[in-house]
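K.L.:
Using only what follows, build the 3D model:
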Amino acid sequence: VMHISSQAHTLSKWETSAGDMLTDLCFLVFDPMLKMYEDGTIGGWLAEEYKMADDSMSIYFKLREDVWFTNGSKFNADDVAFTFEQILTDTEHYPDSTTKNWRNYVDHVEVTGEYECTMYFKKLMPEFWGLIVDNSTQIIDKETFEQIGWEAYFASPIGTGPYEFTNIDLANSSFELTIRSDEHGWFGYDYLDAYTNVKNIKVMTSSESQTRIASLKTGEVQIIDAVPTSDVPALVDAGYNIIKMPPNQQVFLEFNCAPGKAFADQKLREALSLVIDREAIVDVLLDGYAFPAQTGCLPGNLGYREEVKYSYDVERAKALVAESTYGGEELQFIYTTSTVAIANELCQYIQQAAAEVGINLKLIPQDVAVFDSERLAGNCDICLSAIVKTANMWYKTAANVIGDDRFNSGYVNDELKALGLEIQSVLDEKVMDEKLAEMYAIQHEDFQPVLYLYYPTLLVATQGNVSGILNHNRHYPDISAVVIGE
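P.N.:
Down below sits the predicted model:
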């Protein structure tokens with residue numbers, strides 16, 4: 001039994017109400033076209049061979065011939081083409097808000113043989129390698145889908161993965177699965193050289209961390225996620241395993257830099273950056289279970305340069321505030337705990353640190369719907385936000401938040417904006433690394449439109465006899481190969 005913090009209000013990943021729980025379920029039910037392994041490398045999976053064209057405008061897939069859906073249908077290229085046809089054309093069940101990272105780039109998938117197909121792009125797709133490894137793309141059985149329709153198919157989804165649903169309670173986000181017992185079985189265990197001794201899995205939810213911890217202590221469950229850092233020492237002392245998932249989220253501040261706003265002044269932005277002790281945030285508020293941001297990415301990510309680092313200098317910050325055009329007026333600081341779990345404590349710290357150098361921040365906690373609306377409307381001076389990475393880079397922050405100015409920050413830096421737009425058509429990793437490094441260097445001089453704070457790690461706790469949890473270099477636990485020992 002796994003007890004997790006998020007919910008799933010639908011079993012279609014593409015609906016806007018789909019929650020993070022669905023990613024955990026998709027590891028059990030679906031397979032990706034390609035797979036990201038634990039070390040971050042990418043290799044074949046449903047497609048055993050693949051080749052990107054020299055111009056990066058198409059990619060050829062040779063599919064495995066030993067893959068079957070749990071209902072007995074054999075997987076082939078028609079299923080791949082049909083799945084992407086739905087993603088690209090069915091705007092009712094696959095809305096633009098959830099499919100645009102595919103729909104804006106992919107033109108079509110052409111079937112060239114029973115187990116061969118080619119995906120053609122409208123334009124270069126920088127996020128391709130991060131998206132093609134995602135189980136929650138949900139490759140579907142074309143024949144069954146056409147027989148029963150979308151609603152029935154996603155009421156109890158059929159995939160090629162190791163488990164199948166046996167009981168679904170969407171109202172309570174509770175799901176029961178059993179390992180497939182058909183004659184074909186799951187091809188993946190042989191390729192992974194890993195197996196499981198778990199026949200039945202139940203995944204349930206609770207947003208209350210202490211409820212999840214209590215269920216672990218009573219033995220009701222074997223695995224829980226989103227463990228508060230303050231509970232880790234006691235759990236370790238009691239013999240439970242603590243697993244750190246790789247950082248997959250970037251927490252940052254975004255300024256309203258529009259003309260006439262206080263943070264249109266570079267000196268005030270730099271002053272706020274200088275007064276934030278990022279290491280203290282990690283050590284005190286997160287008990288060390290995060291990485292303080294030195295720049296817009298982590299070591300090993302595209303764009304990282306060791307020499308580009310934030311500074312902490314209170315006296316310098318005071319001088320910059322004095323030199324700025326800021327007159328001490330109250331500045332609106334909006335945030336939501338739906339985005340960042342420790343938002344209350346974090347924003348209080350930032351407020352206190354800012355006050356030390358004369359910056360007057362008014363904290364305004366909001367529910368997520370109000371926050372999103374106010375942020376887009378520019379009804380704030382600064383906001384707290386977070387975003388996830390794509391494979392080995394923080395593409396969305398650079399391309400969307402900065403390049404597109406997605407949240408209407410009103411920042412003015414033509415060079416930075418041009419780079420953010422340019423990377424939207426870059427696929428070569430070396431070029432992407434160089435362009436992102438240029439962006440981060442500029443941001444360390446201009447401090448707009450965002451200040452990076454930290455990269456949190458998701459903590460998973462298990463009973464002492466549990467092993468085999470995978471993560472595929474992401475922060476979601478994959479329990480498809482979990483083993484329960486004596």
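K.L.:
Please count neighbours and contacts with C-alpha atoms only from this point.
P.N.:
Fine.
K.L.:
wait, what's in contact with residue 388?
P.N.:
The neighbourhood of residue 388, defined by C-alpha atoms under 8 Å, 6 or more residues apart in numbering, consists of 248-250, 394, 396.
K.L.:
For it, give its distance to residue 401.
P.N.:
Remark: distance between residue 388 and residue 401 (C-alpha to C-alpha, to the nearest Å) = 12 Å.
K.L.:
now swap in residue 76 and tell me
P.N.:
Counting by C-alpha to C-alpha - residue 76 and residue 401 are separated by 38 Å.
K.L.:
Please write out the alpha-carbon positions of the helix ranked longest in the chain in CSV.
P.N.:
Of all the segments of type helix in the chain, defined by DSSP state H, the longest one is helix 429-446. Presented in CSV, the C-alpha positions along helix 429-446 are these (Å, rounded to 0.1, in the frame of the first residue of the first chain):
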residue,chain,number,x,y,z
GLU,A,429,22.4,20.1,-26.1
LYS,A,430,25.7,21.9,-26.6
VAL,A,431,24.0,24.9,-28.0
MET,A,432,21.3,24.8,-25.4
ASP,A,433,24.0,24.7,-22.7
GLU,A,434,25.7,27.8,-24.1
LYS,A,435,22.4,29.8,-24.5
LEU,A,436,21.2,28.9,-21.0
ALA,A,437,24.6,29.9,-19.5
GLU,A,438,24.3,33.3,-21.2
MET,A,439,20.8,33.8,-19.8
TYR,A,440,21.9,32.9,-16.3
ALA,A,441,24.9,35.3,-16.5
ILE,A,442,22.6,38.2,-17.6
GLN,A,443,20.2,37.4,-14.8
HIS,A,444,23.0,37.7,-12.3
GLU,A,445,23.7,41.2,-13.5
ASP,A,446,20.1,42.4,-14.0
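K.L.:
Contacts for it next, please.
P.N.:
266, 270, 295-296, 302-305, 308-310, 398, 416, 419-420, 423, 426, 449-450.
K.L.:
same thing with stretch 418-428?
P.N.:
Contacts for stretch 418-428 (C-alpha under 8 Å, 6+ apart): 56, 123-126, 398-400, 402-404, 432, 435-436, 438-439.
K.L.:
Show me which of those are buried.
P.N.:
Among the contacts of stretch 418-428, those buried by neighbour count (16 or more other C-alpha atoms under 10 Å) are 56, 123-126, 398-399, 402-404, 432, 435-436, 438-439.
K.L.:
So residue 112 sits against residue 118, correct?
P.N.:
Yes: if you go by C-alpha atoms under 8 Å, residue 112 and residue 118 touch, sitting 7.3 Å apart.
K.L.:
which of the two has more neighbours?
P.N.:
Shown here are residue 112 and residue 118; by other C-alpha atoms under 10 Å, residue 118 has more neighbours (22 against 14).
K.L.:
Quick check: closest non-adjacent residue to residue 78.
P.N.:
Excluding its sequence neighbours, the residue lying closest to residue 78 (C-alpha to C-alpha, 6 or more residues apart in numbering) is residue 111, at 6.6 Å.
K.L.:
so how many other residues sit close to the one you found?
P.N.:
19.
K.L.:
How about the one 10 residues further on?
P.N.:
When neighbours are defined as other C-alpha under 10 Å, residue 121 has 19 of them.
K.L.:
For the residue nearest to the spatial centre of the chain, what are phi and psi?
P.N.:
Note on the chain: the residue nearest the mean C-alpha position is residue 388, at 3.7 Å, using C-alpha atoms, centre = their mean. Main-chain torsions, residue 388, degrees, to the nearest 10: phi -100, psi 160.
K.L.:
beta partners for it?
P.N.:
Under DSSP bridges, the beta-bridge partners of residue 388 are residue 249.
K.L.:
Repeat that for residue 2.
P.N.:
Applying DSSP bridges, one finds that residue 2 bridges with residue 203, residue 223.
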